[in-house]
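Q: output the structure for:
(4 chains)
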Protein chains: 2
Amino acid sequence: MPTIGDVASLAGVSRSTASYALSGKRSISEDVRRKVNEAVEQLGYTPNAGARALATSHTKIIGLLARFLEDEFAPAMLQYIRGISEMAAQLGYDTLLVSEEDGVRALQRLSNTRMVDGFVLLNVAEHDDRLPTLRNASQPGALVGLPDNTTGVDVFDLDFEAAGRLMVDRLHELGHRELILVSQPEHVLKRGGAYVWRLANAAYERAEQLGVALHRYFGASSQPEIGNDLHGYFDAHPAATGLLLNNEAAAAALPTVLHERGMSSPQSISVIGRYSDDFAKTFSLPYSAIDSAPHELGRRAVQQLISRIEGASTEADRTVELIPPVINDRGSISAPPPIA
Amino acid sequence: MPTIGDVASLAGVSRSTASYALSGKRSISEDVRRKVNEAVEQLGYTPNAGARALATSHTKIIGLLARFLEDEFAPAMLQYIRGISEMAAQLGYDTLLVSEEDGVRALQRLSNTRMVDGFVLLNVAEHDDRLPTLRNASQPGALVGLPDNTTGVDVFDLDFEAAGRLMVDRLHELGHRELILVSQPEHVLKRGGAYVWRLANAAYERAEQLGVALHRYFGASSQPEIGNDLHGYFDAHPAATGLLLNNEAAAAALPTVLHERGMSSPQSISVIGRYSDDFAKTFSLPYSAIDSAPHELGRRAVQQLISRIEGASTEADRTVELIPPVINDRGSISAPPPIA
DNA sequence: CTGAAAGCGCTTACAG
DNA sequence: CTGAAAGCGCTTACAG
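A: Residues are numbered from 1 along each chain as shown, chains lettered A, B, ... in the order given. Predicted coordinates for the structure are as follows:
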């Protein structure tokens, strides 16, 4: 592999001049610039990443700390990862994917070895054990997911409280007065998935304000169980005319359950889910839903991270960006059926 | 951040001695080793990755070249990625994830900058445009997927031909004499998914040998369409008693289709699929299937790659490892129903 | 506008 | 068993 010394010799200039000609960090005569570029072309020169990192203390790599959790819907995870790596590439960064069990150790290691210029954390829990380490690291970090304490980091998430209110508002406007909300299972909460609470509590408060009855459940996250759960909810609340789903497995199981009960949406029941478009596409789900936008969240997190790495953001202006919910209408919402 | 110089001073030895004490590459007195370790501990020393890479010309990073294709089932993709990054971590390597559109450019760039010690290519097509570049690179590469030309690379894939034969054999043994095989859509073939042919042709040949009628179709890869397709196949071949699926969407749609036709498996029809366990779990599919083992394939590819990077494998012994198909029995296979 | 030199933080022959 | 020194391939003050 040719080095910058080879380029310099061939162009008949010094190494520093060759370097500056390539970086454009000081003015260079047109003649020299041309000769350097020709030499680069001719030799197929590419700077050595390790040497550059050593000299500049920047690697142009971001560390992506993923956590793969049980009964998590994989496509959403992949969408986060894609959004992040694509946006990083677009901004000139590569992505180091870390999926080790021990996220704290991994974070510490990458930070100490100076292997990356910054971190994106996925699947951030309410009390995320990686955060203290991240705050002590010399590289900045951006989170996808809202923790209890957001000091020192940039945060991106769906606004789950607004999502809960939006679901209730939309059905209330249409005349619905009794709703069922199916959340993710309790163990998701226990491992720190506070967004489940955020959505459910906000929905409940709004329902109370509006005089709407809202029955809240934690559904299972796997297929045979959640189907039975759904049957149970319908049996328990025969007068409910609306179903709110913050549980992917429930959404996936619903077509079969409705079929089995001879129900259809929106004729017998209005349905609003909360999942990614990608999820909807994979399962061909016909339900209107609030897009959880994993791809977009990933992109924004990286964008902010890189602007911070490159010094465009100052220490002070930490971001907590909760993106407003939008219902992607697939026709599963209408006025409630007339009372039989 | 402390450097090895800081460690050396604190331990009262030279930098080279400190380095050797840590690497163990030459014998060190017990006394010195202890002092160096104490200094490391006390300072929280971690070697700088860029400096080490520059000195050793090894980065301990592998490049993972993913390609995200349309209508591909995402969870399988994620399983490959997990398998690779987990095995790499276990062997002391980090994983650089690259999902750029232009795989050739990405490969070239990572190779030239010496950012990685080797490559794993996913979603390898029959005539994969990345292969010539990979063969010219100075880093070794392992593929997941079997291309037409395997010179200079290590290859890992499911043995799709054996899979095709196994499906036919299994149902033939049980007494089936008329089968339907649903493959992935033709555009998957066109972009280089030769495994579709490999399975279908092998199944057809075996069926001919055994005197079994095998009706072959390319099914759609999305939900409403593939459902109609399946109905069409059943209508066209009312005497068929076995269904072979090399098409994830078909497997996902089948429960509904069978329900609609009042059919059940294995009573009215025996079914054998070909998809990952993870896919089966996500969709709660009750069909016996040949596991496409993405996680395992990813692990093996990385293992071989790293052993080659570290010189344990010689140039000559390139591997083409086709893992034998195994039917994961979920109870959807039985003798055909008695003729009505 | 350009060059000679120092330095980034490691590893590893070379010498003892 | 240990040290002084060179070198990996860059970038960037410093000097002109």
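Q: what residues does chain A put near DNA strand C?
A: A:13-17, A:20, A:26-29, A:31-32, A:51, A:54-55, A:57 (C-beta under 7 Å from any atom of the strand). Placement of C-beta: from N, CA and C, glycine included.
Q: just the helices in the stretch 151-300 of chain A please.
A: Listed from the start of the chain, the stretch 151-300 of chain A has helices (DSSP state H, counting those that start in this stretch) covering A:160-173, A:186-190, A:195-210, A:223-236, A:248-261, A:277-283, A:294-309.
Q: chain neighbours aside, what residue packs nearest to the residue of the stretch 151-300 of chain A found nearest DNA strand C?
A: Closest to DNA strand C within the stretch 151-300 of chain A is residue A:152: 23.7 Å, counting by C-beta to the nearest atom of the strand. Take residue A:152 and drop its neighbours on the chain: the residue closest to it by C-beta to C-beta, 6 or more residues apart in numbering or on different chains is residue A:135, 4.5 Å away.
Q: quick one: the one you found and residue A:150 touch, right?
A: No - using C-beta atoms under 8 Å, residue A:135 makes no contact with residue A:150, being 10.6 Å away.
Q: so the two - more neighbours on which side?
A: Comparing residue A:135 with residue A:150 by other C-beta atoms under 10 Å in any protein chain shown, the one with more neighbours is residue A:150, at 15 against 12.
Q: next up, the contacts around the more buried one.
A: A:143, A:318, A:320 (C-beta atoms under 8 Å, 6 or more residues apart in numbering or on different chains).
Q: same deal with residue A:306?
A: Residue A:306 neighbours (C-beta under 8 Å, 6+ apart): A:62, A:88, A:91, A:93, A:118.
Q: swap in 10 Å and give it another go.
A: A:60, A:62, A:87-88, A:90-93, A:117-118, A:120, A:140, A:142, A:312-313 (C-beta atoms under 10 Å, 6 or more residues apart in numbering or on different chains).
Q: and stretch A:289-297, which residues are buried?
A: Residues of stretch A:289-297 classed as buried: A:289-297 (neighbour count, 16 or more other C-beta atoms under 10 Å in any protein chain shown).
Q: can you redo those residues as a markdown table with pLDDT?
A: A markdown table is the format used below for these (pLDDT from 0 to 100):
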| residue | pLDDT |
| --- | --- |
| A:289 | 97 |
| A:290 | 97 |
| A:291 | 94 |
| A:292 | 91 |
| A:293 | 92 |
| A:294 | 93 |
| A:295 | 92 |
| A:296 | 94 |
| A:297 | 96 |
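Q: number of nearby residues for the one residue in the stretch 1-150 of chain A that gets nearest to DNA strand C?
A: Closest approach between the stretch 1-150 of chain A and DNA strand C, counting by C-beta to the nearest atom of the strand: residue A:27, at 2.3 Å. Residue A:27: 7 surrounding residues under other C-beta under 10 Å.
Q: what about it, which SS state?
A: coil (DSSP: H, G, I helix; E, B strand; the rest coil).
Q: quick check, it in contact with residue A:20.
A: Yes - the pair residue A:27 / residue A:20 is scored as a contact, 8.7 Å apart, by C-beta atoms under 10 Å.
Q: find residues that contact each of those two.
A: Common neighbours of residue A:27 and residue A:20 (C-beta under 10 Å, 6+ apart) are residue A:33.
Q: which other helices and strands does the worst-scoring helix or strand of chain A on mean pLDDT contact?
A: Every helix and strand in chain A was compared by mean pLDDT, DSSP states H and E; the lowest is helix A:277-283, with a mean of 82. Applying 3 or more C-beta pairs under 10 Å, 6 or more residues apart in numbering or on different chains; DSSP states H and E, we find helix A:277-283 packed against helix A:74-90, helix A:248-261, strand A:288-290, helix A:294-309, helix B:74-90, helix B:223-236, helix B:248-261, helix B:277-283.
Q: for it, list the C-alpha coordinates in PDB.
A: Coordinates of each C-alpha in helix A:277-283 appear next as PDB, following Å, rounded to 0.1, in the frame of the first residue of the first chain:
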ATOM      1  CA  ASP A 277     -44.500   0.700   9.400                       C
ATOM      2  CA  ASP A 278     -42.000  -2.000   8.800                       C
ATOM      3  CA  PHE A 279     -43.800  -4.200  11.300                       C
ATOM      4  CA  ALA A 280     -47.100  -3.400   9.700                       C
ATOM      5  CA  LYS A 281     -45.700  -4.400   6.300                       C
ATOM      6  CA  THR A 282     -44.100  -7.600   7.500                       C
ATOM      7  CA  PHE A 283     -47.400  -8.800   9.000                       C
END
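Q: which residues are contacting that helix?
A: Helix A:277-283 has contacts (C-beta under 10 Å, 6+ apart) with A:73-76, A:78-79, A:82, A:248, A:251-255, A:273, A:275-276, A:285-289, A:291-295, A:328, A:330, B:71, B:73-75, B:222-223, B:248-249, B:252, B:282-283.
Q: tell me the domain ranges of chain A?
A: A:4-47, A:61-158+A:294-323, A:160-291 (automatic domain parsing).
Q: any residues of the stretch 1-150 of chain A in contact with DNA strand D? List them.
A: Counting by C-beta under 7 Å from any atom of the strand, the stretch 1-150 of chain A sits next to DNA strand D at A:1, A:3-5, A:15-16, A:19-20, A:22-23, A:25, A:45-48, A:51-52, A:54-56.
Q: from the buried residues of stretch A:289-297, pick the one nearest residue A:164.
A: Distance to residue A:164 across those (C-beta to C-beta) is lowest for residue A:290, with 9.5 Å.
Q: residue contacts, that closest one?
A: So residue A:290 contacts A:158-160, A:162-164, A:166-167, A:170, A:199, A:244-246, A:272-276, A:324-328 (C-beta under 10 Å, 6+ apart).
Q: drop anything exposed from the residues you listed.
A: A:158-160, A:162-164, A:166-167, A:170, A:199, A:244-246, A:272-276, A:325, A:327-328.
Q: still on that earlier bit, just the buried residues of the contacts of residue A:150.
A: Looks like the contacts of residue A:150 have A:143, A:318 buried, using 16+ other C-beta under 10 Å.
Q: reformat the contacts of residue A:150 as JSON lines; add secondary structure and pLDDT.
A: Shown next, in JSON lines, are the contacts of residue A:150 (DSSP: H, G, I helix; E, B strand; the rest coil; pLDDT from 0 to 100):
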{"residue": "A:143", "secondary structure": "strand", "pLDDT": "97"}
{"residue": "A:318", "secondary structure": "coil", "pLDDT": "86"}
{"residue": "A:320", "secondary structure": "strand", "pLDDT": "94"}
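Q: any idea how far DNA strand C is from residue A:301?
A: As judged by C-beta to the nearest atom of the strand, to the nearest Å, residue A:301 and DNA strand C stand 29 Å apart.
Q: so what's the residue lying closest to that residue once chain neighbours are set aside scoring on pLDDT?
A: With C-beta to C-beta, 6+ apart as the criterion, residue A:301 has its nearest non-adjacent residue at 4.2 Å, and that residue is residue A:142. In this model, residue A:142 is scored at 97, pLDDT.
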